[in-house]
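Asker: Got a predicted structure plus its sequence, pasted below:
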Amino acid sequence: MKINKKYRNIIFSCLAAVFISVPVAFVMVVINLGFVKGFIFAFIKSAMAGTAISIPLANIAIPVAEKITHRVIESD
């Protein structure tokens with residue numbers, strides 16, 4: 001199943017948010033708690049919260065970052 005190209009930016013932003021927030025959640029739980037009893041629950045809870053926060057932020061920030069990048073990079 002293919003998704004319409006008009007949804008490319010939304011899908012990209014959502015995937016980027018998940019691919020970044022889940023590993024960050026893992027590392028932060030390891031740093032703050034270590035591998036203790038209840039680690040998996042704490043990791044899943046942190047990953048879900050991080051993803052819920054990062055998806056809307058990514059959908060706003062990535063297009064803004066692209067516009068800024070296009071303005072500061074020389075065009076040929």
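Answerer: Yep, that arrived. Numbers count the residues shown, from 1 in each chain.
Asker: ok, the residue nearest the centre of the chain - contacts?
Answerer: By CA atoms, centre = their mean, the chain has its centre lying nearest to residue 17, at 1.5 Å. Residue 17 makes contact with 51, 54-55, 57-59 under the criterion CB atoms under 8 Å, 6 or more residues apart in numbering. Using the backbone N, CA and C atoms, a C-beta is placed for each residue, glycine as well.
Asker: how far out from the middle of the chain is stretch 34-51?
Answerer: Averaging C-alpha positions (CA atoms, centre = their mean, to the nearest Å) puts stretch 34-51 16 Å from its chain's average.
Asker: buried sites along that stretch?
Answerer: 42-43, 46-47, 50-51 (16 or more other CB atoms under 10 Å).
Asker: pLDDT, distance to residue 63 and secondary structure added to those, as CSV?
Answerer: CSV is the format used below for these (pLDDT from 0 to 100; distance: CB to CB, whole Å; DSSP: H, G, I helix; E, B strand; the rest coil):
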residue, pLDDT, distance to residue 63, secondary structure
42, 93, 33, helix
43, 94, 30, helix
46, 93, 27, helix
47, 93, 24, helix
50, 92, 21, helix
51, 93, 19, helix
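Asker: Determine which two of those are furthest apart.
Answerer: 42 and 51 (14.8 Å; CB to CB).
Asker: burial count for residue 21?
Answerer: Residues lying near residue 21 (other CB atoms under 10 Å) number 22.
Asker: need the contact list for the residue lying closest to it once chain neighbours are set aside.
Answerer: Nearest non-adjacent residue to residue 21, counting by CB to CB, 6 or more residues apart in numbering: residue 50, 3.8 Å away. Residues near residue 50 by CB under 8 Å, 6+ apart: 21-22, 24-25.
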